[in-house]
Structure formats: C-alpha cells, structure tokens
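Q: Take a look and give me a structure for this.
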Amino acid sequence: MKTTYILALALTSVLSFTSCDDFLDMQPTNAGNSEGAVATVADAQVAMNGVMSAMTSSLYYGRNLFMYGDAKGGDLTIYAAGRGLDALYSFNHTPNSGSYSGFWSRGYYCILQVNTLLANIRKLQEAGTEENFDFIKGQALTLRALFYFDLVRLYGLPYSYDKSAYGVPNVTEAISVEAQPLRATVEENYRQILQDLAEGATLMNGNKSRQNGYVGYYANIALQARVKLYMEDYAGALAAAKEVIESGVYSLYKPDEWVESWSRQFGPESIFELGITTEESDLGTGSLGFYLIRYGRVKGAQGWFLASDYFLNRLGEDPTDVRWGVMGNDEYWVDTDEERKGACYKYMGGLDLPGDGKATNTAVNIKIIRLSELYLIAAEAALHNGDKEAAADYLNAIRSRAPQLAPATAATVSDDLILDERSKELFGEGHRFFDLMRTNRSIEYNDDFQSVPVSQREKVIDRTFYKIVLPISQDELNANPALESQQNKGY
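A: Residues are numbered from 1 along each chain as shown. From the prediction side, this is the model:
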C-alpha cells in the first residue's frame, strides 16, 4: 500500500535535521548493519528530533489537524469557497478528491519513525548495552499513542458510538514494502494506545521534569486523561487529570496573563508544546496563524476561516471575557456599523502580531496539551462520577476568565456548560468537532454567513452522517486492494 511504501522508504532516510522528511539515520530492516544506526542515547535523541520535526508539517499539527477540528465543529465558518481547506468545512470528501490523505501518510510516516527507533533500541538492549534508553523509549511510545489516537479519531467512529467499527491498521513493527496491513477495530486501536501510554509512563516515571518541546511524563498522563475521556472511562480520566493538576509542575495563567501567554514559549500552562523554528518548520503564509487572521492584515492574508456567529455568541456571554483579547475584526462583515471579531490571533502571538519571540511572527509554537484542558477534563469526568461540587470547582478555574459570568455550582454545572467552556478556551486548537461527536451532539454550521453554498452536507449534522470520518484515499486502495472491503461506509 502507499502507506507501506512511505514507511519502508523512511527506513532508508539519511539523517538531516534540516528536512522534516529525511531525519532518521536508519538502514532498511534487512540491512546488515541496521542495528548500528542508533548506538547511543544521543543518537536516539537526534532521531526523536526528526519525529518532532515531522509533526510540524502543514499536513498534521502544523495546520491541518487543528483546522479540521474547528472547521468541522462549527466554531469556524468561511466567507467563500475554493480558497483552501474549505472542504473541511463543506465535507467535500471522496476517495479521489478532498480525501486529505496527508493525515494518513504523515501519521504513518511518524509511526514508522517511532517503530524503527524502538526496534533499534530493542536490539541494543538485547545486546546488553550499558546505555539507559528508558526515558526516550517512553517518549517514543507516548508519541506513537498520540499518532494512533489522532488517526483513529479521523478514520474511525467515536469509541462511545461504535467501538467495533473499523479504525486504522495497528502497525507496531517496521514493515516491508510488500506488507498490506488491514484495519483494526476502533476498540483494538484504543487498546494499543492505552498499552503504549501505560508502558511509556512506567519508563518515564523516574524523570517527571518539564520537557520543553518534547513529551515527558506529565504529557503522557495528560494524554491518558484525554484518551480515557473519549472512552468514557471517567474515573480513569479524572485520576489522570488530577495527577497532572496536583503535581505542581504546571500552573494556570491568571486572567490578566492569558492573552500574553500566546506570545510566550513553553509557559507554565504548556504541558506539550511543539517547537516551530524559523529555519525549518515556519510555514509562513501556509501557517495556522495565517489561515485565521483577518483578510489583508498582512500581505497575502486571505481571511480563509473566521469564527462562526455561534462561537461569537458563546464567547459574547461576557463582553469582558479575557479571551476576546486574541479575537480581531474581520473584513467580511457586511454591517459596517457593527464590529465582528471573527479573526483569531492565537498563532500570531496576539493582535499586534508579535509572534512568540522568533524572527518571524508565523513561527509560533503549537500548544498541543495545555493545563486548562486538564481542568476541563477533570470537570467533565467529576460530573459523570457524581461529584458535582468538584466538577463546578474545576470548571470555575477556567470560567474565571469570564469575570461577569456567575460561577458554576453543584446545582448548575452540566455537560453543556463544560462543552461551552471547552469551545471558548480551546478555540482554534482542534477539539470542537471531536467533542461534539464523542458526546453525541448535533453540529449546526454558519452557512448563512455571506451565503456560502454547501452541497455535501446538511446545515445540521450528527454522528450518523457518514462523512464524520474521512475516506481512505483511492491511492491507498489501489496499492492495497485488501482495504477495498474496509472502506468507510458511504464512500
């Protein structure tokens, strides 16, 4: 299959940290000296640098994954069709067009890098190396869990909806060009994710320090909280979230610090933050920040995606909410007597476009897991565990960013209140669509904003709509005919 070709090709890559596609100095698995490709922890760290670099691709965390979650989740809308990534909003996906196969190819590319690194470490350990690879092995397993979690959310139905549905192939070893792995079930994918996370946490347990730009012990535990929430394992999600919150390693920004936090690298709330460099991973006019700012704010900015009326109404429950501080006017509002703050400046460092301290303001780090999310996970999990008072307390820690809103109480806290707060806090960070699908909510789209015609979905959808998952691309099906019978239904 195409994926298999990409993965096998990755095994022959030559080490070069200046290119995100050629970073592991590994020989093919049948090469005589492949076991010597990684000989030291320092070698393994270089390989890990390459994995992190690959994640910054526009096909993955550099842009498209976050855009996917908010455009499909109804928190974003578009002014005009055909301007780039609008198929995410319109659901114009087929195996031959708009398949967004980059998620599949980039995800498995990253998985193969991790699998090859783990295979090299295993050979060294079997040979009796004196080097201690435990921590970096734990990092690799945590990343593999993250990659599979992302893939199964994109290609498999929500765990709470149909865990017996097809997920994605579970590939945990380096494979040959001829291999044609089949899809596992969603449940089997999640089982592998939990296994990797559990083993990774054990391996990293001896070093719980912050790991700026990399996953560490607490990033693993935070990811466990996220995964278990999706599985509706509320006791497990709460325990994991509490471990991170109560560790004292991270702290929430005060309300008057929140806006400035987006111009900071590796701040106190950042549990896992992906470093973006001007030399290598700065996407410039293709960056996440560029896709969300106002039309014409800087040369080439097209205002591709704007906050929907629904999101703005939600945030507008408190005009003094500090999170308005990263929202700027858009140029498409037809009523010139009224401002419409539909442009998001999180990924330009703020309204003044400061970036986060680098030479260009588009090279802003991507915050993958923040402490505020853990508070919101704890709130939802505590609510479902029957502790409404604790749920309200966790929620209020984030709700305080809207000072005019009445604090939640044990009598008023609800799933809807928590989901609304997740929308406001995590806007532009790729959560909204997945949140609504896992909780069985309908999504309404702001199609009437400038009357953009959409023919591939209804104005309101729910998780019975077949296009809530992506199709396997025709290229993949041609390369691996066995997947034909496992194509997602409706495609």
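Q: where exactly do the helices run in the stretch 251-400 of the chain?
A: 258-261, 288-292, 309-315, 371-384, 388-399 (DSSP state H, counting those that start in this stretch).
Q: Looking at those helices, which is nearest to Leu146?
A: Among the helices of the stretch 251-400 of the chain, the nearest to Leu146 by Cβ to Cβ is helix 371-384 (14.0 Å). Using the backbone N, CA and C atoms, a C-beta is placed for each residue, glycine as well.
Q: Tell me what angle that closest one forms with helix 388-399.
A: 160 degrees (axes from the mean of the first three to the mean of the last three Cα atoms, to 10 degrees).
Q: Mind checking the pLDDT average for helix 371-384?
A: Helix 371-384 shows an average pLDDT of 99 in the prediction.
Q: Share the number of residues neighbouring the residue lying closest to Gly328 once chain neighbours are set aside, please.
A: Distance criterion Cβ to Cβ, 6 or more residues apart in numbering; nearest residue to Gly328, sequence neighbours excluded, is Ala343 at 4.3 Å. When neighbours are counted by other Cβ atoms under 10 Å, Ala343 registers 24.
Q: Tell me which stretches of this structure form strands.
A: Using DSSP state E, the strands of the chain run over residues 76-78, 270-274, 305-307, 327-328, 343-344, 366-370, 443-444, 460-461.
Q: Need the residues that contact the last one.
A: With contacts defined as Cβ atoms under 8 Å, 6 or more residues apart in numbering, strand 460-461 is touched by 91, 442-445, 468.
Q: again with the fifth one
A: Taking Cβ under 8 Å, 6+ apart as the criterion, the residues outside strand 343-344 that touch it are 292-294, 297, 303, 306-307, 326-330, 427-428.
Q: Buried ones among those?
A: 292-294, 297, 303, 306-307, 326-328, 330, 427-428 (16 or more other Cβ atoms under 10 Å).
Q: from the residues you listed, which is closest to Val38?
A: Nearest to Val38 among the buried ones among the contacts of strand 343-344, with distances taken as Cβ to Cβ, is Gly428, at 36.8 Å.
Q: Test my guess that the closest one contacts Ile293.
A: No. Here Gly428 lies out of contact with Ile293, judged by Cβ atoms under 8 Å, at a distance of 11.0 Å.
Q: Just give me the neighbour total for Ala235.
A: Ala235: 12 neighbours (other Cβ under 10 Å).
Q: can you tell me which residues contact it?
A: For Ala235, the contact set (Cβ under 8 Å, 6+ apart) comprises 381, 385.
Q: Distance-wise, check it relative to Glu373.
A: Ala235 sits at a distance of 18 Å from Glu373 (criterion: Cβ to Cβ, to the nearest Å).
Q: how about the strands of the chain in TSV, adding distance to Ile245?
A: Formatted as TSV, these follow (distance: least, Cβ to Cβ, whole Å):
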stretch	distance to Ile245
strand 76-78	29
strand 270-274	11
strand 305-307	29
strand 327-328	27
strand 343-344	27
strand 366-370	12
strand 443-444	30
strand 460-461	34
